[in-house]
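In: Have a look; sequence and predicted model below, questions after that.
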Amino acid sequence: MKNKIVLIKYSLLLTLLAFISCEKEIQYKGEGKDPVLVLNGITENDSTFKIYLERSYFFLSNESQGDKYIKTGATVTLTNLSSGEIFTMTNSTIDNKYEFPFITNQNVKFKIDVSHPDYESISSEMTTVPKISLIDVDTSSFETDYGTRKKAILKWNDPVGENYYFVKVSTFNPDANYKIEYFFSCLDPVFEDGGSSIEGPNEYSEIYFTDKLFNGKEKKLEIDFYSYPVDSAQSTPIYTYKLISMNKETYQYFISLNKFSNAGFFTEPVKVFSNIKNGFGIFGSMNYSQIVK
């Protein structure tokens, strides 16, 4: 019996040594690609026009965020293709932000060109979205086994043509001075492309959709969510309902970014959408309308 125990221990030791001997540290022998310019600018109607400029970097690099910023050396040229006006900046406003001295309007076509002596020049074009406003939000409450839920029906007129949207709901706690974004459910058939920040089954913090099922018509979108008092001093929260419209490029960017963020370890890699020629990033437009009640 003693010999048997010794043999078992010896066998386990050999197995352990085999596992240890199989471990091998493999160094990455690939080469990082040359860095390119990265431009991110999603301008909002009735706001100053601004973009953010940086460079790409090797994924194993230990550089800090600020090391990637392009603050000087670049020539950023913005052309209003609708009016012919041209604006040029050679230094950032602050950090890597380039803010142009005018307010963005709807339905204006822009082209942006960026050159830098150390990188390949990049460019992109886009047209700002039309202004789409919420008409009304009809709210009510109902009880469930898990507490009170609030139902909200958002209503707006959809312009003729391709339009892209997402919806968000939040409340503000004035005592603690912070905003709470709600997870909500939406069973509308327009909601087919997914949302982000999934809380549970069919619970999202924002949803993305197109107008292909209601193009050029009045739209009513129903959502519902749990209604929790923020604290004793605010027993009846005030909710902010936002309808955000965007152009196609911005929609594709958010959809791909959401899929990238939610991709599992064993799923196919997801490439985040970019409309920057010879570089990366997004040059897009959005408009938001809100009702507080």
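Out: Sure thing, it's come through.

In: And the residue nearest to the spatial centre of the chain, how close does it get to Ile244?
Out: For the chain, the residue nearest the mean C-alpha position is Phe254 (4.7 Å; Cα atoms, centre = their mean). Distance of Phe254 to Ile244, computed by Cβ to Cβ, to the nearest Å: 10 Å. C-betas here are computed from N, CA, C, even on glycine.

In: list the residues that contact both of the two?
Out: Counting by Cβ atoms under 8 Å, 6 or more residues apart in numbering, the contacts common to Phe254 and Ile244 are Phe166.

In: circling back to that earlier point, which strand or helix spans the residue nearest to the centre of the chain?
Out: Take DSSP states H and E as the rule and Phe254 turns out to sit in helix 248-262.

In: Which strands or helices does that helix pack on?
Out: Helix 248-262 sits against strand 164-173, strand 195-196, strand 206-210, strand 280-292, with contacts defined as 3 or more Cβ pairs under 8 Å, 6 or more residues apart in numbering; DSSP states H and E.

In: These: which one's closest to Ser64?
Out: Among these, the nearest to Ser64 by Cβ to Cβ is strand 280-292 (19.1 Å).

In: tell me which residues of that closest one are tucked away?
Out: 280-289, 291 (16 or more other Cβ atoms under 10 Å).

In: Stretch 254-262 now?
Out: Result for stretch 254-262 [16+ other Cβ under 10 Å]: buried residues 254-256, 258-259.

In: Among those, which one sits closest to Pro117?
Out: Using Cβ to Cβ, the buried residues of stretch 254-262 come closest to Pro117 at Ser256, 31.2 Å.

In: how about the nearest residue to that closest one, chain neighbours excluded?
Out: If the residues on either side of it in the chain are set aside, Ser256 comes closest to Phe273, at 4.1 Å by Cβ to Cβ, 6 or more residues apart in numbering.

In: ok, Leu37 - contacts?
Out: 53-56, 70, 74, 114, 116, 119-122, 276, 278-280.

In: bridging residues for it?
Out: Arg55 (DSSP bridges).

In: shouldn't the residue nearest to the centre of the chain be in contact with Phe166?
Out: Yes - between Phe254 and Phe166 there is a contact at 6.9 Å, judged by Cβ atoms under 8 Å.

In: Please spell out the PyMOL selection for the buried subset of the contacts of Leu37.
Out: Selection of buried members from the contacts of Leu37 for PyMOL, criterion 16+ other Cβ under 10 Å:
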select buried, resi 53+54+55+56+70+74+114+116+119+122+276+279+280
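
In: Show me how this protein divides into domains.
Out: 37-127, 134-246 (automatic domain parsing).

In: Compare those domains and say which comes out lowest on pLDDT.
Out: Out of the domains of the chain, domain 134-246 stands lowest, with a mean of 84 (criterion: mean pLDDT).

In: what's the offset of that domain from the middle of its chain?
Out: 17 Å (Cα atoms, centre = their mean, to the nearest Å).

In: circling back: which one of the contacts of Leu37 is nearest Thr93?
Out: Looking across the contacts of Leu37 and measuring by Cβ to Cβ, the closest to Thr93 is Leu53, at 10.9 Å.

In: residue contacts, the closest one?
Out: 37-39, 69-70, 74, 76, 92, 96, 98, 114.

In: from those residues, which is closest to Asn177?
Out: Distances from Asn177 to the contacts of Leu53, taken by Cβ to Cβ, are shortest for Asn96, at 28.2 Å.

In: Give me the nearest residue to the closest one, chain neighbours excluded.
Out: Tyr69 (3.8 Å).

In: So the one you found sits against Ile94, correct?
Out: No - the pair Tyr69 and Ile94 fails to qualify as a contact (Cβ under 8 Å) at a distance of 10.1 Å.

In: more crowded one of the two?
Out: Tyr69 (16 against 8; other Cβ atoms under 10 Å).

In: beta partners of that one?
Out: Glu54.

In: Adding distance to Ile238 as columns, could you present the contacts of Leu53 in JSON lines?
Out: Formatted as JSON lines, those follow (distance: Cβ to Cβ, whole Å):
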{"residue": "Leu37", "distance to Ile238": "43"}
{"residue": "Val38", "distance to Ile238": "38"}
{"residue": "Leu39", "distance to Ile238": "37"}
{"residue": "Tyr69", "distance to Ile238": "38"}
{"residue": "Ile70", "distance to Ile238": "41"}
{"residue": "Ala74", "distance to Ile238": "43"}
{"residue": "Val76", "distance to Ile238": "40"}
{"residue": "Ser92", "distance to Ile238": "37"}
{"residue": "Asn96", "distance to Ile238": "36"}
{"residue": "Tyr98", "distance to Ile238": "36"}
{"residue": "Val114", "distance to Ile238": "42"}
